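Trainee: I would like to see how this sequence folds:
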Amino acid sequence: MPQALPFQTAKQLAAAIRKKKIGCLELLDLYLKRVDAYNPELNAIIAMDVEGARKRAKAADKAVKAGRKLGPLHGVPMTIKESFDVAGYPTTWGDPAFKDAVVAENSLVAQRMIDAGVTLFGKTNIPLNLADWQSYNEVYGSTNNPWDLSRTPGGSSGGSGAALAAGLTGIEAGSDIGASIRNPAHYCGVWGHKPTWGVVCPKGHALAGAVAYGDIGVVGPLARGAEDLEIALGVMAGPDAIDGRGWKLTLPRSKKERLRDFKVAVMLSDPNAEVDQSVQSALQELADFLAKKKAKVSLTARPKIDTAELNDVYVRMLRAATSGRMSDEVWRTALRDAAALPDDDRSYFAQMQRGNALSHRTWLQLNEKRHRMRLAWDTFFEDWDLMLCPVAVGPAFPHDQKGLRHLRTITVNNKQVPVVDQIFWAGYAGITLLPATAAPIGLSKDGLPIGVQIIGRQYGDYETIGFARLLEKEYRSFEPPPAYR
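Mentor: Here you go, the predicted model:
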């Protein structure tokens, strides 16, 4: 049965506009009406330019009427993660120090989506410094999960996931260094794609006008369907003007048209981050379905990588990648902690502080290990097309904003475990720069979304998305949260 209009994919919305079944302004106003009705309890969209958006929608209607050539997303209402620069809006990353820092230019991703025809009308919420699987900050407050308001929508692109799931926007863009696209997709029951590192230029996704592009982190799309991810990636991807003088991007297209064409490995859990049985069961059910569809499925095939070493390298390089924005005082504390910690302390706090205090020499040594693991993955992909694994250790957890993040716990298999344990599943693809698509595959017994992480070979972005598209068609399509239908 076709989805109600607010829950249709961006591709479907754009087609309706091209066929003149609905006008651009009419569609925008439909979403704005839903924002008025539902956003107060969700707090997913935290800033809007309604007057400017309606003006742009009217211009978009004139382009349709005049028979002009239209972009692939012409007239589709869009919101974007707060951390992207959009002219006329502040970019705060949740930090009160930047709440009045209005920017003058669009980020490259925002501009490319606008050029593709979207009607950008607002920004969505994030955690402070994009550093949590919850989305709350002093500037904009807390965002709730539309499946259960008492729970997190994920982070750091939590507002993006919540807005899409609740039918408040047509398409979204987020960023991901620690599952910040994949995690909200999993918690909110939508699709998200973490591109191969370097495929989408992050220009304008920075705080206080920073221009250097960081390690590990990427920017990419979130949507209510896999085909939207493919369209948006095609719009976003490619070098900026300077790099474009010397190189161009040509991502290979997947030639596989059926699930039976795929050879997939499935990973249900790992000693570094035990996965709740609700997620393991959903993944096992998916594996069984794929086997019935004649796909080649293995529960044991793995790249020749020590996952404990991978996790160690990831956590330290992750913290090193984000350490540049630490204050001198906080950085000096990290130096003291790292020097005082016993060598055999492998707790998250210990590895975090070692990463925050990392010397360049040690970074180079870790980078060598990282690239050896990247090559091990590539060898693995000579025999297997994809690795299917969890996005996180469980479904969305209840809000918990007390104390330091690394001291908080969540319930996994009836045990309290550190919430930061699940960073492993972010790094499994992230540290080695690989593409990973998150797609919904079921609901927990509590009615919360569960997703799968689809990892592919480097630059195999369209293959992971293509597999997600087949799952959407044959296994599970988008389901709106009951309270927002």
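
Trainee: ok, residues contacting the helix or strand where A232 lies?
Mentor: For A232, the host element (DSSP states H and E) is helix 226-236. Contacts to helix 226-236, defined as C-beta atoms under 8 Å, 6 or more residues apart in numbering, come from residues 9-11, 72-73, 109, 112-113, 115-116, 171, 173, 191-193, 195, 199-200, 219-223, 437, 439, 461-462, 465-466, 468-469, 471-472. Every C-beta, even on glycine, is put in place using the N, C-alpha and C of the backbone.

Trainee: toward the C-terminus, what is the element adjacent to it?
Mentor: Next along from helix 226-236, by DSSP H and E: strand 263-266.

Trainee: contacts for that following strand next, please.
Mentor: 283-284, 286-287, 290, 295-302, 380, 383-389, 467.

Trainee: go with 7 Å
Mentor: Contact partners of strand 263-266, identified using C-beta atoms under 7 Å, 6 or more residues apart in numbering, comprise 283, 287, 290, 295-299, 301-302, 384-388.

Trainee: tell me where the stretch 201-350 of the chain has helices.
Mentor: For the stretch 201-350 of the chain, the helices defined by DSSP state H, counting those that start in this stretch occupy 226-236, 277-292, 307-322, 328-340, 348-356.

Trainee: now I177, nearest residue through space, not along the chain?
Mentor: With C-beta to C-beta, 6 or more residues apart in numbering as the measure, G217 is the residue that lies nearest to I177, at 3.6 Å, once sequence neighbours are left out.

Trainee: so the residue lying closest to V315 once chain neighbours are set aside versus V412, what's the distance?
Mentor: Nearest residue to V315, sequence neighbours excluded (C-beta to C-beta, 6+ apart): Q351, at 4.3 Å. According to C-beta to C-beta, to the nearest Å, Q351 stands 20 Å off from V412.

Trainee: ok, L168 next?
Mentor: Remark: distance between L168 and V412 (C-beta to C-beta) = 31 Å.

Trainee: could you verify that I465 is part of a strand?
Mentor: No: using DSSP: H, G, I helix; E, B strand; the rest coil, the assignment for I465 is helix, not a strand.

Trainee: I am assuming it contacts T437, so please confirm or correct that.
Mentor: Yes: with contact defined as C-beta atoms under 7 Å, I465 counts as touching T437 (5.3 Å).

Trainee: any shared contact partners between those two?
Mentor: Shared contacts of I465 and T437 (C-beta under 7 Å, 6+ apart): 193, 229.

Trainee: among those two, which residue is more densely surrounded?
Mentor: Taking other C-beta atoms under 10 Å, I465 and T437 do not tie; T437 has more neighbours (35 against 27).

Trainee: I'd assumed the more buried one was in a helix, is it?
Mentor: No: using three-state DSSP, the assignment for T437 is strand, not a helix.

Trainee: for L207, which residues are in contact?
Mentor: By C-beta under 7 Å, 6+ apart, the neighbours of L207 are 91, 93, 98, 325.

Trainee: switch to 8 Å and redo it
Mentor: L207 makes contacts with 83, 91, 93, 95, 98, 129, 325, as judged by C-beta under 8 Å, 6+ apart.

Trainee: check I46 too.
Mentor: 82, 122-125, 139-141, 159.

Trainee: rerun that using 10 Å as the cut-off
Mentor: I46 sits next to 39, 79, 82, 89, 92, 94, 122-126, 135, 137, 139-141, 143, 159 when contact means C-beta atoms under 10 Å, 6 or more residues apart in numbering.

Trainee: hmm, which of those residues are the buried ones?
Mentor: 39, 79, 82, 89, 92, 94, 122-126, 135, 137, 139-140, 143, 159 (16 or more other C-beta atoms under 10 Å).

Trainee: of those residues, which belong to helices?
Mentor: With DSSP state H as the criterion, helices contain 39, 159 from among those.

Trainee: circling back to that earlier point, which of the contacts of strand 263-266 are buried?
Mentor: 283, 287, 290, 295-297, 301, 384-388.

Trainee: in strands, which of those residues appear?
Mentor: The strands, defined by DSSP state E, take in 296-297, 386-388 from the buried ones among the contacts of strand 263-266.

Trainee: ok, those residues vs R68, which is closest?
Mentor: Nearest to R68 among those: L386, at 40.0 Å, using C-beta to C-beta.

Trainee: isn't the closest one right next to I455, touching?
Mentor: Yes: with contact defined as C-beta atoms under 10 Å, L386 reaches I455; the gap is 6.5 Å.

Trainee: now the common contact residues for the two.
Mentor: Jointly contacting L386 and I455 under the rule C-beta under 10 Å, 6+ apart are 265, 436-437, 464.

Trainee: among these, who's most crowded?
Mentor: Greatest neighbour count in the shared contacts of L386 and I455, by other C-beta under 10 Å, goes to T437: 35 neighbours.
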